[in-house]
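**Student:** what would the 3D arrangement of this be:
(chains A and B)
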Amino acid sequence: MGTKKTIAIVGLTTGQDNPLLRKLALNNRILAVSSDADKFSELSEYIQKGADEEAIELIDCAKDGCWEADIIILWNGFKQEKNELERLQVVATQKIVAFLTEEEKITSNHLLFPHSKVVSVFIKPDVREVTVTGDDQEAVQQVINLLNSTDYYHITN
Amino acid sequence: MHEYLYQKIKENISITDEEFEFVKTLFLPKKLRKKHFILEEGDICKYNIFVEKGILRTYKIDEKGNEHTLQFAFEGWWAADLYSFFTNEPSSFYIEALENCELLLISKQSWDDLLDKVPSFERYFRILLQNNLISMQRRLMRSLSETAEEKYLNLAATFPDLLQRVPQTIIASYLGITPETLSRIRGQLALRR
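**Tutor:** Residues are numbered from 1 along each chain as shown, chains lettered A, B, ... in the order given. Prediction:
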């Protein structure tokens, strides 16, 4: 037995089916942050099949979602204004903040969240491979464990 | 977000604004909804928890399925399974939100870091643990020596707010009596007024 983790996912921009999201929702409580409720209501409905009723919840406030979360996932292409970023930084202190991206490049993501445990996750969706990196090895391992639990991606670290 | 923490710290020790800014970087801010758990039996208690807003309840479930409430934590109070927190052994407790809560969590590593970098916190946590020990001692003696009615009246006098914010069934489990007994006591007290 273990308390279910709450994962806030920020930056989803499409209502298309997302296998990783669906699998994360099976074992965790997901807060999907979007101001576009129409796009995500379809996704939520799809994910609810086979998952707990409360497995995924759509909310429109990124700060509240990240405040409630144990782990924060900033989805591919996440871009925020400086003021919004500062609001998220305050509620992300000491939390794992995982940047999920399909573009492998050297980033300074850790500078955006100086008091968080920043992890970079580079995904190759076509071959379902991921590479997980970060300065905090415990945080890196937690993210690897999270991705492994979905049984969807092959971790290439 | 850190108002109560600042207030409680300043009640016991002196720290500079710079030191408090450092302190803030060590605490994980977490909103917890009513009836959600921050700790469940079998988990390792990874955090010591400070309550900025709301109420937490620490309790255990016995083999017969009965709940036994160990303590509550209101605004400005701390909650944790200290045995699990310090030994890294699985907890036998549940810590649940009785209202929507805003919490500040500090891990063992951050706790050690804090004591190392801001030595005055040794005094703060010593006072905290000291008060906790005294409180537990008094609760134990009351549990052994007082009648159910006396326990209820002492609780009402010490924490009047608690009776308004916590369900009667949970108050009964804290006092170690059945809800029916509590209801009878309250009825009798009401008649005497």
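
**Student:** can you tell me the closest non-neighbouring residue to the residue in chain B that chain A sits nearest to?
**Tutor:** Closest residue of chain B to chain A, CB to the nearest CB: B:Leu28 (3.8 Å). Glycine gets a C-beta too; all of them are placed from N, C-alpha and C. Counting by CB to CB, 6 or more residues apart in numbering or on different chains, B:Leu28 lies nearest to A:Gln94, which is 3.8 Å off, once chain neighbours are set aside.

**Student:** tally of neighbours for the one you found?
**Tutor:** Residues lying near A:Gln94 (other CB atoms under 10 Å in any protein chain shown) number 20.

**Student:** kindly report the same for B:Asn154.
**Tutor:** B:Asn154: 15 neighbours (other CB under 10 Å).

**Student:** surely it is within a helix?
**Tutor:** Yes - per DSSP: H, G, I helix; E, B strand; the rest coil, B:Asn154 lies within a helix segment.

**Student:** in this structure it contacts B:Glu146, no?
**Tutor:** Yes - B:Asn154 is within contact range of B:Glu146, at 7.0 Å (criterion: CB atoms under 8 Å).

**Student:** list the buried residues for stretch B:38-49?
**Tutor:** B:38-39, B:41, B:43-49 (16 or more other CB atoms under 10 Å in any protein chain shown).

**Student:** contacts only, for the residue in chain A that chain B sits nearest to.
**Tutor:** Residue nearest to chain B within chain A: A:Gln94 (3.8 Å; CB to the nearest CB). Residues near A:Gln94 by CB atoms under 8 Å, 6 or more residues apart in numbering or on different chains: A:115-117, B:25-28, B:105, B:107, B:110.

**Student:** okay if I get those as TSV plus distance to B:Leu163?
**Tutor:** Converted to TSV, the contacts of A:Gln94 look like this (distance: CB to CB, whole Å):
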residue	distance to B:Leu163
A:His115	39
A:Ser116	40
A:Lys117	41
B:Thr25	38
B:Leu26	35
B:Phe27	30
B:Leu28	31
B:Leu105	28
B:Ser107	34
B:Ser110	35
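
**Student:** in helices only, show me those.
**Tutor:** B:25-26, B:110 (DSSP state H).

**Student:** need the max-distance pair from the buried residues of stretch B:38-49.
**Tutor:** The span of the buried residues of stretch B:38-49, defined through CB to CB, is set by B:Glu41 and B:Asn48 at 18.2 Å.

**Student:** hmm, back to that, surely the residue nearest to B:Leu28 is in a helix?
**Tutor:** No - looking at A:Gln94 with three-state DSSP, it is coil, so not inside a helix.

**Student:** now for the helix or strand in which A:Ile7 is found, which elements pack on it?
**Tutor:** Using DSSP states H and E, A:Ile7 maps to strand A:6-10. Other elements packing on strand A:6-10 under the criterion 3 or more CB pairs under 8 Å, 6 or more residues apart in numbering or on different chains; DSSP states H and E are helix A:19-27, strand A:29-33, helix A:62-68, strand A:71-74.

**Student:** which residues touch residue 98?
**Tutor:** Using chain A here. When contacts are taken as CB under 8 Å, 6+ apart, A:Ala98 is in contact with A:71-74, A:118-121, A:143.

**Student:** my bad, the chain I had in mind was chain B
**Tutor:** Under the criterion of CB under 8 Å, 6+ apart, the contact list for B:Leu98 reads B:34, B:54-57, B:72, B:165-167, B:170.

**Student:** any idea what the residue of chain B closest to chain A is bridged to?
**Tutor:** B:Leu105 (DSSP bridges).

**Student:** contact partners for it?
**Tutor:** A:93-95, B:47, B:104-107 are the contacts of B:Leu28 under CB under 8 Å, 6+ apart.

**Student:** recalculate using a threshold of 7 Å.
**Tutor:** A:93-95, B:105 (CB atoms under 7 Å, 6 or more residues apart in numbering or on different chains).

**Student:** which one of those sits in the busiest neighbourhood?
**Tutor:** Busiest of those [other CB under 10 Å] is A:Lys95, holding 24 neighbours.

**Student:** let me know whether that residue touches A:Ser116 as I believe.
**Tutor:** Yes - with contact defined as CB atoms under 7 Å, A:Lys95 reaches A:Ser116; the gap is 5.5 Å.

**Student:** give me the longest helix you can find in chain B.
**Tutor:** helix B:120-145.

**Student:** with that, I have no additional questions.
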